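J.: generate coordinates for the sequence data below:
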Amino acid sequence: MKLAAACLFILFAACWLADRGSAPPPAPALAVPARAAPAPAQPVAAAGRQWMDALPDPVRPAWQSMADARLRGDERAPPLQAQVAPEPGPTPAQLADPAAYRNFEQGRDAKVMRAYAAAVESEVPRLRADVERARAAGIAPQEIAKVEAKIARLEKLRKSITETGTVSD
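T.: Predicted structure coming up:
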């Protein structure tokens, strides 16, 4: 083993000494292909190939793309929704009076419950239409029964909210 290591060392040393006086070795070829010149703008016939323009540049490192997106944003990202202003909190007078604060909290809770009831009113017709489509498509009756049970629970919830203003089991 030691003899093989010594032979390799002598071989490399001999090659190094032989190359010392010659020109430096040529630079290794890069694995990345050279960029072709951009094609001239094409008329509408090339419109179907727009998706190709959205592909990442194979020569450009990913970290550069991420840094650009952090600084300039990503044009492919959906627009951000405007921030909704938070609801006003209790006034100092309501905070000082326990009964007034309780009324404030009950009003906020009632608003949330009304939102649930409104959501149920818009959701139930969609679920009923789904049940009809499922029956027409031949979906298993036990799967349809699950959705019908959900509809019944939602209607019970809506009725409870409208009658009492709270959720009862």
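J.: sec struct for residue 59, please.
T.: Of the three states, residue 59 takes coil according to DSSP: H, G, I helix; E, B strand; the rest coil.
J.: same thing with residue 76?
T.: Secondary structure for residue 76, judged by three-state DSSP, is coil.
J.: distance check, it against residue 89.
T.: Residue 76 sits 38 Å away from residue 89, going by Cβ to Cβ, to the nearest Å. (Each C-beta comes from the backbone N, C-alpha and C, glycine too.)
J.: also residue 149?
T.: Distance from residue 149 to residue 89, by Cβ to Cβ: 39 Å.
J.: and what of residue 75?
T.: Distance of residue 75 to residue 89, given as Cβ to Cβ: 39 Å.
J.: just residue 78 next, same as before
T.: 31 Å.
J.: give the buried residues for stretch 140-153.
T.: Within stretch 140-153, the residues that count as buried by 16 or more other Cβ atoms under 10 Å are residue 151.
J.: and the helix ranked longest in the chain, what does it pack onto?
T.: Longest helix in the chain by number of residues (criterion: DSSP state H): helix 98-137. Applying 3 or more Cβ pairs under 8 Å, 6 or more residues apart in numbering; DSSP states H and E, we find helix 98-137 packed against helix 92-96, helix 141-164.
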